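A.B. asks: I would like the atomic coordinates for the input below:
(one chain, ligands or ions: 1)
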Amino acid sequence: MNDAPWLDRLRAGFRKTSDRLGDNLTGLFTKAALDGETLDEIEEALIASDLGPATAAKVRTRLAAERFERGLTEEAAREIVAQELEKILAPVAQPLEIDAFPRPQVILVVGVNGSGKTTTIAKLAHLLVEQDYGVLLAAGDTFRAAAIEQLRIWADRVGVQVISGPEGGDSSAVVFDGVKKATAEGIDVLIVDTAGRLQNKKGLMDELAKIRRVLGRLNPAAPHNVVLVLDATTGQNGLNQIEVFQEVAGVTGLVMTKLDGTARGGVLVAAAEQYGLPIHAVGVGEGMDDLRPFDAREAARAIAGAKE
Ligand SMILES: Nc1nc2c(ncn2[C@@H]2O[C@H](COP(=O)(O)OP(=O)(O)OP(=O)(O)O)[C@@H](O)[C@H]2O)c(=O)[nH]1
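C.D. replies: Below you'll find the predicted structure:
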């Protein structure tokens, strides 16, 4: 994979977010020494950019400490924001770890409908196939025939197998068959799509609990990962989703999607700050190649719109 175009894509993906940050900060760059009032306004601008109050406070403290007796330029502000964001993002930037054994490693993918779950599963499968892992997809969202069909279309594109059951069938039965098939065929990774009907929280919780029970019986360590797919365009609402899915599914890591279509990418920082969950990857487009392992420095500089 050639990294340069990727970086461009990531930057393009975060452009709306960094533009919004710039818009919010406009008028706050001064030629005079930074005073308390301007610092307050900068802090508010950062909160308005979805970065979260704790992050905004850290940047404020940093700006105050560095004084800027001769005023603050946009470039200097973006640089400091980038450095502070990197400190917050670095501990959570953790690629999805795949151990070769025991086979299969099971990745349960959860998230509300429309968050980009199916697309993310396909992109993840593609990344893993590129690393020479054998991958099987399980269509655990049995609620809608369209969801099963969509997973199948993606599986064909990526060149992996998919296991599914009847519409409305028992999702844990599909998962059971998936583990059996992966074990029999020596497939490394089983990625499980799940239903995302948060409007029926109890039903979803029961369904996920049953999938876990079935998996646990076949392999006590499974699922090895429970990845929550979050749509960045939902902004602060994404933070509530983390809370709910932690409760119903026991999330072990995040993938944030649709960063290319939103000015609300700052929410990724707020998520890191508030929940400290690993961020495995970010989605910056609809194509198979548009999932990028999460890199704290790249993301921090792209969000802040700081120079390379
Ligand atoms: N721009 C952009 N669009 C994305 C990204 N990821 C997914 N999408 C789009 O978002 C829409 C929903 O994605 P799906 O993968 O179908 O979402 P889902 O969560 O599986 O939704 P259901 O099938 O309704 O459960 C599709 O049109 C995708 O192409 C991304 O990173 N960027």
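A.B. asks: which residues in the stretch 151-300 of the chain form helices?
C.D. replies: Secondary structure of the stretch 151-300 of the chain (DSSP state H, counting those that start in this stretch): helices at 171-185, 201-218, 237-249, 267-275, 296-304.
A.B. asks: I'd like these as CSV, with mean pLDDT and mean neighbour count appended.
C.D. replies: Bear in mind the C-beta positions are built from the backbone N, C-alpha and C, glycine included. Shown next, in CSV, are those (pLDDT from 0 to 100; neighbours: other C-beta atoms under 10 Å):
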stretch, mean pLDDT, mean neighbour count
helix 171-185, 96, 19
helix 201-218, 90, 16
helix 237-249, 91, 17
helix 267-275, 92, 23
helix 296-304, 91, 24
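A.B. asks: is the ligand within reach of the lengthiest helix in the chain?
C.D. replies: What stands out as the longest helix in the chain, according to DSSP state H, is helix 3-25. No: Helix 3-25 lies out of reach of the ligand by C-beta under 6 Å from any ligand atom, never closer than 7.9 Å.
A.B. asks: show me what that helix packs onto, helices and strands only.
C.D. replies: Judged by 3 or more C-beta pairs under 8 Å, 6 or more residues apart in numbering; DSSP states H and E, the packing partners of helix 3-25 are helix 36-48, helix 74-89, strand 291-293, helix 296-304.
A.B. asks: can you tell me which of these is most buried?
C.D. replies: helix 296-304 (a mean of 24; mean count of other C-beta atoms under 10 Å).
A.B. asks: need the contact partners of that one.
C.D. replies: By C-beta atoms under 8 Å, 6 or more residues apart in numbering, the residues outside helix 296-304 that reach it are 7, 10-11, 13-14, 17-18, 21, 78-79, 81-83, 85-86, 89-90, 92-93, 265-266, 268-269, 282, 306-308.
A.B. asks: what is the orientation angle of the longest helix of the chain with helix 267-275?
C.D. replies: Interaxial angle of helix 3-25 relative to helix 267-275 (axes from the mean of the first three to the mean of the last three C-alpha atoms, to 10 degrees): 80 degrees.
A.B. asks: what comes up buried for helix 3-25?
C.D. replies: The neighbour-count criterion (16 or more other C-beta atoms under 10 Å) identifies 6-7, 9-11, 13-18, 20-22, 24-25 as the buried residues of helix 3-25.
A.B. asks: now do that helix, average pLDDT.
C.D. replies: Average pLDDT, helix 3-25: 79.
A.B. asks: residues of the stretch 101-250 of the chain that sit close to the ligand?
C.D. replies: So the stretch 101-250 of the chain meets the ligand at G111, N113, G114, S115, G116, K117, T118, T119, A147, Q150, G196 (C-beta under 6 Å from any ligand atom).
A.B. asks: so who does the first one touch?
C.D. replies: With contact set as C-beta under 8 Å, 6+ apart, G111 has these partners: K117, G196, L228, V229, L230, D231, Q241, F245.
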